[in-house]
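S.K.: Show me the folded form of this:
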Amino acid sequence: MVGRKKTEFLLLVVKGARCVCVFVCAHV
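M.R.: Predicted coordinates:
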């Protein structure tokens, strides 16, 4: 259960990082 929660959190972080990257790249 804990492992699954960790995986979901990591996916969320990766998704967030990608959004930030796209946002920054679009405004540079």
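S.K.: Could you list the low-pLDDT ranges of the chain?
M.R.: Applying pLDDT under 70 to the chain flags residues 1.
S.K.: If we use 90, what do you get?
M.R.: Counting by pLDDT under 90, the ranges of the chain that qualify are 1-3, 21, 25-28.
S.K.: can you pull out the strands in it?
M.R.: Using DSSP state E, no strands are found in the chain.
S.K.: Quick one: the helices in it, in order.
M.R.: 2-27 (DSSP state H).
S.K.: Restricting to C-alpha, output stretch 16-28 in PDB.
M.R.: C-alpha atoms of stretch 16-28 as PDB (Å, rounded to 0.1, in the frame of the first residue of the first chain):
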ATOM      1  CA  GLY A  16       4.200  18.600 -12.200                       C
ATOM      2  CA  ALA A  17       7.800  19.000 -13.300                       C
ATOM      3  CA  ARG A  18       6.800  18.500 -16.900                       C
ATOM      4  CA  CYS A  19       4.100  21.200 -16.600                       C
ATOM      5  CA  VAL A  20       6.700  23.600 -15.100                       C
ATOM      6  CA  CYS A  21       9.200  22.800 -17.800                       C
ATOM      7  CA  VAL A  22       6.700  23.400 -20.600                       C
ATOM      8  CA  PHE A  23       5.500  26.600 -18.900                       C
ATOM      9  CA  VAL A  24       9.100  27.900 -18.500                       C
ATOM     10  CA  CYS A  25      10.100  26.900 -22.100                       C
ATOM     11  CA  ALA A  26       7.000  28.600 -23.500                       C
ATOM     12  CA  HIS A  27       7.900  31.900 -21.700                       C
ATOM     13  CA  VAL A  28      11.600  32.000 -22.400                       C
END
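S.K.: Cheers, nothing more for now.
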